[in-house]
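J.: no sequence on this one, just coordinates:
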């Protein structure tokens, strides 16, 4: 008993914050694409923010609830409705046995998250519930969710009186315009011509339709090296900007491989990864270089804001449960 998928979306998987500590054995980290939206969904429910969620991409599924529970949606706006009545992202929602949640094509962003109060009853594999579809590991049978799948939850939850929700400003990054993605220099930054460095920061890029959870391929101007050099395969991370011989950058994402052999012009800063992960293929953006200290400052601001939200929602839940 739990959440029954009655109409599958485009790609819906179970993800948490990732499978760390096993890259040296060849395993990908996986995890959510937008950890800001995922953490907010859990925080709104007073869950531990690492609790696994459903990540729904591009087109959401329809879900029937087989038990009473409390949920929260966050991230991309997929025009959610429960029993054909519109509901709001960022708000704890009480659903009863037999209710149906319907999600449509994302209008802003591309990844929407569904968290359940108390969490999903999914076993961990290598200390994570995240799905790795390439090797069919973790999540629900190591694959995306299909019609007829039932995702169990830890415990049913009865109705509570919710009259609050997370500020919509927390999701304003989903339609930020103009969109600027900050990066720090990559290890091979100096391998590129001065003209290419200028191009990288001043010209517009878009996501290719060939992009996926492993990497976002970019369309736009091509970048050039000062000279051809061989690179020994090195470790990579979420947001690493590699440039293959074609000159068109590839930004590595949640399902990235542990190592890469292409020169790295930069690294998207951690604070901008949620924004970058939610970019739509039609959305033009620019890169802007920043210092390592600025990257730390932006990350600290993000974590400080999350701490404030966490403290406020915890007080709300204590008042409800008292």
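T.: Received it, and whenever you're ready, just let me know what you need. In this text, all values refer to a predicted model and were calculated from it rather than measured experimentally.

J.: If you count contacts, what does the biggest helix by length in the chain end up packed against?
T.: Using DSSP state H, we find that the single longest helix of the chain is helix 292-321. The contact analysis (3 or more CB pairs under 8 Å, 6 or more residues apart in numbering; DSSP states H and E) places helix 292-321 against helix 35-44, strand 179-185. Placement of C-beta: from N, CA and C, glycine included.

J.: Out of the ones you listed, which one sits most buried?
T.: Among these, the stretch with the highest mean neighbour count (mean count of other CB atoms under 10 Å) is helix 35-44, at a mean of 26.

J.: Helix or strand next in line after it, which one?
T.: strand 53-57 (DSSP states H and E).

J.: And that following strand, how far out from the chain middle?
T.: 9 Å (CA atoms, centre = their mean, to the nearest Å).

J.: Can you name every helix or strand that it contacts?
T.: strand 11-15, helix 35-44, strand 108-116.

J.: hmm, who's touching it?
T.: 3, 9-16, 32-33, 38, 41-42, 76, 78, 103, 106, 110-116, 120, 145, 151 (CB atoms under 8 Å, 6 or more residues apart in numbering).

J.: Over to stretch 14-21?
T.: Residues lying outside stretch 14-21 but in contact with it, judged by CB under 8 Å, 6+ apart, are 27-32, 35, 38, 49-55, 120, 122, 125-132, 138-140, 145, 151, 254.

J.: can you give me the strands in the stretch 101-250 of the chain?
T.: 108-116, 150-152, 179-185, 206-207, 215-219, 234-235, 240-242, 250-252 (DSSP state E, counting those that start in this stretch).

J.: wait, which of those is closest to residue 299?
T.: Closest of the strands of the stretch 101-250 of the chain to residue 299 is strand 179-185, at 10.8 Å (criterion: CB to CB).

J.: on that earlier part again, could you identify which of the strands of the stretch 101-250 of the chain has the lowest mean pLDDT?
T.: Note on the strands of the stretch 101-250 of the chain: lowest mean pLDDT is at strand 234-235, with a mean of 91.
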